[in-house]
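Undergrad: got a predicted model here, sequence first, then my questions.
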Amino acid sequence: MAGPLDGVRILDLTSNFMGPYASLLLADLGADVAKVESPEGDTTRGVGPRRNPGMAAIFLHLNRNKRSLVLDLKHPDGRDALVRMMRSADVLLHSLRPAAMRRLGLSYADAREINPRLVYCGCFGFGQNGPYAAKPAYDDLIQAAVGMPVVQSRGQGEPAYVATAIADRVVGMATSSAVTAALYYRERTGHGQEVQVPMFETFAHFAMGDHLYGHTFVPPIGDWGYARMLNADRRPYRTLDGYLGVNIYTTRHWQRFFTAVGRADLAEDPRFADIHGRTENIGELYAFLAEVFATRSTDEWLKVLTEADIPVIRMNTPETLLSDPHMSDIGFFAEQDHPSEGRLRTIGIPQQWSESAPELRYPAPRLGEHSAELLGEFGFGEDEIGALAASGAAGIGVRDDA
């Protein structure tokens, strides 16, 4: 068994970042993911460095362990081919607004008639029972809507986005979790269902668990925002020759740290003696830490803090992460020969499984690389596949100009 979801058939209609990240997680766990692409291909095929058209870096990392099928769902025959595949699929995953799915005749009401056991999951911008239902959404828009740029900039200047597609990936994770939960429910009851995963609400749930803070109470008993996380001095600490990540968190951590730096008296200071006092006076505490850490080298501090059992780690850059001793030892960043793209660096599957361990089965596919193969597996004969190709409803073979 190549992963715990081995045998689960997923028709993945998503594109860009969020949906493909969800289906990546499912594919890495062993699901058989048919990436259903338009004739133009997924937009991310053009995002980032590339050796060949349609096979850019972002696409390669988001779409391993999947197979590519090109169907033009605006063509009646392409739409009908998908419907036929839905009859024996376990999951249909899409990132289109529900109104667009209805126009294609692929709403959940349609899907339930085709296959009542189907898990039908949509991940899109906004919940459909509110005034934003029809709005388009992308990562930057959702970060802005939830207030993340304000959170990022508090005490540090102009609002700024988090420097990764955090909303897309967080909501993608939530989507993969929702799909697996719906599959479990189906195993218990025999019933498929529709699951909607809206970006706005899901990312607000993620962010506001930290930052609702004083507004948790009605009326508020404090400001919004987790004070420690928003402090301008919460950052890697500069040493004499580099930077460290340090998280002195518990009272015991602080007592050992104050002793290690010759300031045991501060452990009895009411401002720093317990977590409430430290939270209220976090600015003073961080300023003290910045001053102290600047007095010794990174290696000296690693030795001192490790001996005191205080959480510490050397700060990596994206380049040095590749040679980090832990990552190197576990083989997290491996290399793989891609049939068309040559030697590539891959990102490992992070979980460890005592049984049903997942594995890297397929490299990211070229556009339409598996169209004939997948259609055949879903019961289409050679003549039918040829007819779909001739009509333009399906793209058979590999396109290198996407």
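TA: It's in.
Undergrad: all strands of the stretch 301-402 of the chain, in order?
TA: Listed in chain order, the strands found in the stretch 301-402 of the chain under DSSP state E, counting those that start in this stretch are 312-314, 333-338, 342-347, 394-395.
Undergrad: what's the third one in contact with?
TA: With CB atoms under 8 Å, 6 or more residues apart in numbering as the test, strand 342-347 has contacts from 51, 60-61, 64, 322, 332-338, 360, 363. Heads up, the C-betas are built off the backbone N, CA and C, glycines and all.
Undergrad: just the buried ones from those?
TA: 60-61, 64, 332, 338, 360, 363 (16 or more other CB atoms under 10 Å).
Undergrad: got the contact list for stretch 170-180?
TA: Contact partners of stretch 170-180, identified using CB under 8 Å, 6+ apart, comprise 5, 10, 17-26, 29, 91, 93, 119, 121, 123, 142, 195, 197, 199, 202-203, 206.
Undergrad: below-threshold pLDDT in the stretch 101-250 of the chain: ranges please.
TA: Applying pLDDT under 70 to the stretch 101-250 of the chain picks out residues 155-156.
Undergrad: for it, which segments count as strands?
TA: Using DSSP E, counting those that start in this stretch, the strands found in the stretch 101-250 of the chain span residues 119-124, 193-198, 237-238, 243-246.
Undergrad: spit out the contact partners of the closest residue to Val312 other than its chain neighbours.
TA: Of all residues not flanking Val312 in the chain, Leu305 sits nearest, at 4.1 Å (CB to CB, 6 or more residues apart in numbering). Taking CB under 8 Å, 6+ apart, we find Leu305 in contact with 246, 257, 260, 311-312.
Undergrad: return the distance of Leu305 relative to Ile349.
TA: The gap separating Leu305 from Ile349 is 31 Å, by CB to CB, to the nearest Å.
Undergrad: also Thr239?
TA: 34 Å.
Undergrad: how near is the closest residue in space to Thr306 that isn't next to it in sequence to Leu240?
TA: Nearest residue to Thr306 in three dimensions, chain neighbours excluded: Val312, at 6.5 Å (CB to CB, 6+ apart). Look at Val312 and Leu240: by CB to CB, they are 15 Å apart.
Undergrad: who's more crowded, the two?
TA: Ranked by neighbour count (other CB atoms under 10 Å), Val312 and Leu240 place Val312 first, with 19 against 13.
Undergrad: please pick the buried ones from the contacts of Leu305.
TA: In the contacts of Leu305, the ones that pass as buried (16+ other CB under 10 Å) are 246, 257, 260, 312.
Undergrad: that older thread, among the buried ones among the contacts of strand 342-347, find the lowest-pLDDT one for me.
TA: Lowest pLDDT of the buried ones among the contacts of strand 342-347: Leu360, 90.
Undergrad: report the contact partners of it.
TA: Counting by CB under 8 Å, 6+ apart, Leu360 has contacts 28, 64-65, 336, 346, 349.
Undergrad: can you check Thr298 too?
TA: Residues in contact with Thr298 (CB under 8 Å, 6+ apart) are 239-244, 314.
Undergrad: which two among the residues you listed are spaced furthest apart?
TA: Maximum pairwise distance among these (CB to CB): 13.7 Å, between Leu240 and Arg314.
Undergrad: what strand or helix carries Glu40?
TA: Counting by DSSP states H and E, no helix or strand carries Glu40.
Undergrad: so what's the backbone phi/psi at it?
TA: When read as degrees, to the nearest 10, the backbone of Glu40 gives phi -80, psi -20.
Undergrad: picking that back up, report the buried members of the contacts of Thr298.
TA: Buried subset of the contacts of Thr298 (neighbour count, 16+ other CB under 10 Å): 239, 243-244, 314.
Undergrad: what ranges does the stretch 101-250 of the chain have for its helices?
TA: Secondary structure of the stretch 101-250 of the chain (DSSP state H, counting those that start in this stretch): helices located at 108-114, 139-146, 148-153, 166-189, 199-211, 227-230.
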